[in-house]
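> A structural model of the following input is requested.
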Amino acid sequence: MQKQFSLRLKPAEAADNDTIKKYIAAAEGKSVSDITGFYIHKRSIDARSRQPWINLTIRATLNEPFIERPSVSLPFQDVHQANRSALIVGAGPAGLFAALEFLQHGIKPIIIERGKDVRQRRRDLAELNKAGEVNPESNYCFGEGGAGTYSDGKLYTRSTKRGDISKVLHLLVHFGAEEKILFEAHPHIGTNKLPKIITSIREHILSCGGEVRFEEKLIDLNYSGDRLTEVITSKGASIHADAFILATGHSARDVFELLHQKKILIEAKPFALGVRIEHPQQLIDQIQYHCLFRDQDLPPASYSLVEQVQGRGVFSFCMCPGGIIAPAATSPGELVVNGWSPSKRNNAYANSGMVVEVNLSDLLGANFGDPLAFMTFQQQIEKAAFQAGGGKFVAPAQRITDFTRKKISSSLPGSSYLPGLKAAPLEEVLPPFIHERLREGFMAFGKKMKGYLTDEAVVVATESRTSSPVRIPRTLDFHHPQIKNLYPCGEGAGYAGGIVSAAMDGEKLARTIAHLYK
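Modelled structure (predicted):
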């Protein structure tokens, strides 16, 4: 028979399968030989006390052949001769998982992606980090796999409304991710492993008869009445399809401008703006695990912080244990920072976005009613950060203690940020309603996490691409209210906030389109 067990073990115990079997046997009053096998259903860490614990939910098989973890088998179809097609603009998680869903319904996906494939993107990222030269079409945001491919691969989501989270995770495992993402409380793939997985997804789409076209950007579109008739690409192609899916990501400003120019309804959307903060990972381990040195069977520690300051949320975002801060700009003269971690999270530093809510009330004035107002505001902050750094994507920074004291740092600690840091007053980069709340927030976080407010931590500007500053509206049937065969999708349209939620949004949208066709 198969039975479920809940175990609370020390890290070394949870890392040893024989020890886990002993605990299962003891719980059942049986011999270890009666346990024919088990798999972990859920795993989480409880580090609230000085002794960290690993909470495990185990599904074990007793006295019969081992029953393995259920897998997901999906009926992908050959669409080489399909009579229905869907054009997908953008090869990020929303676009790729929409394409996989279309294949399950016999619809041919045609993906156009402005950037390069994952292998060629690496050269442009190296040039950005080492020489301070950004390719506007191939960077940390644009290219195969979208922003998630080279910015960590965290698979956290609180949303179950869009679809089946486990289906997305099982698909990622099918295409090469480690099985542990199926049961970890905070699953993570790692930037070093994502490119191979993304490549496998693309190869599968092609083998089934779908199309993936790189370095082909949407530059124009035409519609008649309530139907989109064609999409024009940078290669001069005019593409016709039964449905058009916009999955362009949160940084495709030219797409937002094109829609506005074409009088296709878009809206300003609240987002969050702030900085990225970096500590030595060992310090975060000491704070979170209450010890001088982290147990070898524990992962590098993370944190999640939130505080209400002057009526606004100040919160951590995209926390990267053992991570690296990277330049995530998409245009020359603009500075954006983001964070990522390799799969082992073994870098010497921990970094996290620390951001403040930007609300519609901040648009009161000349820009009120302009759907691109938040995008313009975001762009202005990024230009100010670039100028404060002095060029070549050198980032303006302060020690966190100096930031809270309104003092320019005389020196800066070591950092993972390859283009380099320059001491500068961040209050000249960030608007007052942001930097004042950040200052109060940091002081509050220092009380919650003793040691967090330290000279060893550095604050780097600017973390501005937390989400899209524009929403492309859609109906309950997922199409645009004006154009019935145009389907805004994912993070760039304002309906997702990460890899998993974007993937689920793409799946659900594609499934809805398929049902309409039937």
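
> Mean confidence (pLDDT) on stretch 103-117, please.
Averaged across stretch 103-117, pLDDT comes to 97.

> can you pull out the helices in the protein?
Applying DSSP state H to the chain gives helices spanning 11-14, 17-28, 93-104, 118-131, 165-174, 194-207, 253-261, 281-289, 373-389, 400-405, 432-448, 499-517.

> Would you mind finding the most buried of those?
Neighbour counts (mean count of other CB atoms under 10 Å) averaged over each of these peak at helix 93-104, with a mean of 29. Any C-beta I mention is one placed from the backbone N, CA and C, and that applies to glycine too.

> And stretch 35-53, what's buried?
35, 37-40, 43, 45, 47, 52-53 (16 or more other CB atoms under 10 Å).

> Which two among these are spaced furthest apart?
Within the buried residues of stretch 35-53, Gly37 and Ala47 form the most distant pair, 29.3 Å apart (CB to CB).

> and the nearest residue to Leu259 once chain neighbours are set aside, what is it in contact with?
Distance criterion CB to CB, 6 or more residues apart in numbering; nearest residue to Leu259, sequence neighbours excluded, is Ile266 at 5.2 Å. Residues in contact with Ile266 (CB atoms under 8 Å, 6 or more residues apart in numbering) are 256, 259-260, 371-372, 470-473.

> Let me have those residues in JSON lines, adding pLDDT as columns.
As requested, the contacts of Ile266 are exported to JSON lines (pLDDT from 0 to 100):
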{"residue": "Phe256", "pLDDT": "97"}
{"residue": "Leu259", "pLDDT": "97"}
{"residue": "His260", "pLDDT": "97"}
{"residue": "Pro371", "pLDDT": "94"}
{"residue": "Leu372", "pLDDT": "95"}
{"residue": "Val470", "pLDDT": "96"}
{"residue": "Arg471", "pLDDT": "97"}
{"residue": "Ile472", "pLDDT": "97"}
{"residue": "Pro473", "pLDDT": "97"}
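
> Sort out which one of those lies nearest Ser207 for me.
Of the contacts of Ile266, the one sitting nearest to Ser207 (CB to CB) turns out to be Ile472, at 31.5 Å.

> what about the closest residue to the closest one other than its chain neighbours, distance to Lys116?
The shortest distance from Ile472 to any non-neighbouring residue, by CB to CB, 6+ apart, is to Pro488 (3.6 Å). Going from Pro488 to Lys116 by CB to CB, to the nearest Å gives 24 Å.

> quick one: which of the two has more around it?
The residue with more neighbours, out of Pro488 and Lys116, is Pro488; 27 against 20, by other CB atoms under 10 Å.

> partner residues bridging the more buried one?
Leu246 (DSSP bridges).

> Please apply the same query to Val309.
The partner residues for Val309, given DSSP bridges, come to Arg312.

> For it, give me its contacts.
Here Val309 is in contact with 356, 437, 440-441, 444 (CB under 8 Å, 6+ apart).

> rerun that using 10 Å as the cut-off
356-357, 436-444 (CB atoms under 10 Å, 6 or more residues apart in numbering).

> ditto for Pro195
117-119, 121-122, 144-145, 149-150.

> Roughly how far does Trp340 sit from Lys130?
17 Å.

> The stretch 201-350 of the chain: strands as residue ranges?
Secondary structure of the stretch 201-350 of the chain (DSSP state E, counting those that start in this stretch): strands at 211-214, 218-224, 227-233, 238-239, 243-246, 267-268, 271-280, 306-309, 312-320, 324-327, 337-340, 349-358.

> strand partners of the third one, parallel vs antiparallel please.
According to DSSP bridges, strand 227-233 forms sheet pairs with strand 218-224 (antiparallel), strand 238-239 (antiparallel).

> returning to what we had before: reformat the helices of the chain as CSV; add distance to Cys320.
Output for the helices of the chain, formatted as CSV (distance: least, CB to CB, whole Å):
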stretch, distance to Cys320
helix 11-14, 21
helix 17-28, 29
helix 93-104, 18
helix 118-131, 16
helix 165-174, 19
helix 194-207, 14
helix 253-261, 25
helix 281-289, 10
helix 373-389, 20
helix 400-405, 17
helix 432-448, 17
helix 499-517, 14
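
> closest one to Ser73 among these?
Of the helices of the chain, nearest to Ser73 by CB to CB is helix 165-174, at 9.2 Å.

> what packs against the closest one?
On a contact count with 3 or more CB pairs under 10 Å, 6 or more residues apart in numbering; DSSP states H and E, helix 165-174 meets helix 93-104, helix 194-207, helix 499-517.

> so how far is that helix from its chain's centroid?
Taking CA atoms, centre = their mean, to the nearest Å, one finds helix 165-174 lying 16 Å from the centre of the chain it belongs to.

> Give me the angle between that helix and helix 499-517.
Angle of helix 165-174 versus helix 499-517, following axes from the mean of the first three to the mean of the last three CA atoms, to 10 degrees, is 110 degrees.

> Ser49 is in contact with Lys10, isn't it?
No - Ser49 is beyond contact range of Lys10, at 11.7 Å (criterion: CB atoms under 10 Å).

> what about Pro142, neighbour count?
Quick fix: residue 142 is Phe, not Pro. Using other CB under 10 Å, Phe142 is surrounded by 26 other residues.

> Any figure for the gap between it and Lys116?
Relative to Lys116, Phe142 is positioned 9 Å away (CB to CB).

> overlap in contacts of those two?
Joint contacts of Phe142 and Lys116 (CB under 10 Å, 6+ apart) are 124, 135.

> and the longest strand along the chain, average pLDDT?
Secondary structure assigned by DSSP state E gives strand 35-46 as the longest strand of the chain. Here strand 35-46 scores 95 as its mean pLDDT.

> again with stretch 64-78
90.

> can you check stretch 479-489 too?
Mean predicted confidence for stretch 479-489 is 97.

> any idea how far it is from the chain center?
For stretch 479-489, the separation from the chain centroid amounts to 24 Å (computed by CA atoms, centre = their mean).

> Ends of that stretch, what's the gap?
9 Å (CA to CA, to the nearest Å).

> Flag every buried residue along it.
479-480, 483-489.

> repeat for stretch 211-229
211-212, 214-218, 221, 223, 228.

> May I see those arranged in CSV, with pLDDT and distance to Lys344 as well?
As requested, those are arranged in CSV below (pLDDT from 0 to 100; distance: CB to CB, whole Å):
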residue, pLDDT, distance to Lys344
Glu211, 97, 36
Val212, 98, 30
Phe214, 97, 30
Glu215, 97, 32
Glu216, 97, 35
Lys217, 97, 35
Leu218, 97, 37
Leu221, 96, 44
Tyr223, 94, 49
Leu228, 95, 45
